[in-house]
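Novice: Pasting a predicted model and its sequence here:
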Amino acid sequence: MDAAGFRTHRHRFFGHTALVPTDPARVLEIDDPHDLARARALAPLLDPSPLPSLADVDAVVLDFDGTQTDDRVMVDSDGRETVAVHRGDGLGIAALRKAGVPLLILSTEQNPVVAARARKLQVPVLHGIDRKDEALKQWCDEQNIAPDRVLYVGNDVNDLGCFALAGWPVAVGSAHDSVRAAARAVTTTPAATAPSARSRPGCWAPPSPPLPLSPQSPPSKEAPP
């Protein structure tokens, strides 16, 4: 920046200005110390490590709320809670099952909707768990799977313990900033978004041979049991 011009005009948009197209995923606007701290946390994501292939992963563990849903809860007049899921996730999870990849849904949520969705997907589930990292470690021991061979998908701060254990921590696009910063990969659309958003070019997908990670599976009719 021309310091003399900045002092004269007292703002940064002096002289010739032009619109420059930028990738929204790589824009870090910094106007105050809070923005600076956020930018420092997110900066490592601008140069992510290589994405995993199926050969790099022995198991996939999925959070539920905010990962397989859009993190909203609908409550009726009787207090019953419902959530929205995306049918496209069923196809991705079915592909993982077909490939023989061990799967687990791991959630702190106590609502039985978690278990109901897991039954629909034919995936083992642990929910109502206070310490997800301890539950993940125990599950890995029981399955004889090394934690550093686990791909874990989450969205919130209670997933950070599992991120520290898993070899491939993946954050959904709408995840908390600290979760995105701790992830080795971040999906480019939020969880459980509309089909038009999920299918747009640029959505994260592993390289060949593909690992059909459910949060970024293309929309399709859910696979039958």
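Specialist: Right, received. Where do you want to start? Numbering: from 1, shown residues only.
Novice: what about the nearest residue to Val125 once chain neighbours are set aside, how many neighbours?
Specialist: Leaving aside its chain neighbours, Val125 sits nearest to Ala118 (3.6 Å; criterion: C-beta to C-beta, 6 or more residues apart in numbering). (C-beta placed from N, C-alpha, C; glycine too.) Number of residues near Ala118 (other C-beta atoms under 10 Å) recorded here: 22.
Novice: Same question for Ala185.
Specialist: 22.
Novice: Quick check: chain neighbours aside, which residue is closest to Glu29?
Specialist: Asp35 is the one closest to Glu29 (C-beta to C-beta, 6+ apart), at 6.3 Å.
Novice: Which residues does the helix or strand containing that neighbour contact?
Specialist: For Asp35, the host element (DSSP states H and E) is helix 33-42. Helix 33-42 is contacted from outside by Leu28, Glu29, Ile30, Asp177, Ser178, Arg180, Ala181, using C-beta atoms under 8 Å, 6 or more residues apart in numbering.
Novice: List just the nearest of those residues to Thr187.
Specialist: Arg180 (10.0 Å; C-beta to C-beta).
Novice: Tell me how many other residues crowd that closest one.
Specialist: 20.
Novice: host element of it?
Specialist: Counting by DSSP H and E, Arg180 is part of helix 177-182.
Novice: Quick one: mean pLDDT over that helix.
Specialist: Across helix 177-182, pLDDT averages out at 90.
Novice: Can you list the buried residues in it?
Specialist: Ser178, Val179, Arg180, Ala181, Ala182 (16 or more other C-beta atoms under 10 Å).
Novice: what are the pairing partners of the helix or strand just after it, and which direction each?
Specialist: Using DSSP H and E, the helix or strand that directly follows helix 177-182 along the chain is strand 185-186. In the sheet, strand 185-186 lines up against strand 168-171 (parallel) (DSSP bridges).
Novice: and the strand it pairs with, how far from the chain's centre?
Specialist: Chain-centre distance of strand 168-171: 7 Å, with C-alpha atoms, centre = their mean, to the nearest Å.
Novice: For that strand, which outside residues touch it?
Specialist: 52, 56-57, 150-155, 159, 162-163, 179-180, 182-187, 213, 215.
Novice: Stretch 127-134 spans what distance, first to last residue?
Specialist: This stretch, stretch 127-134, spans 13 Å end to end (C-alpha to C-alpha, to the nearest Å).
Novice: Could you give the average pLDDT over it?
Specialist: On average, stretch 127-134 scores 95.
Novice: Strands along this structure, start to end?
Specialist: 59-62, 74-75, 81-82, 103-107, 125-127, 150-154, 168-171, 185-186 (DSSP state E).
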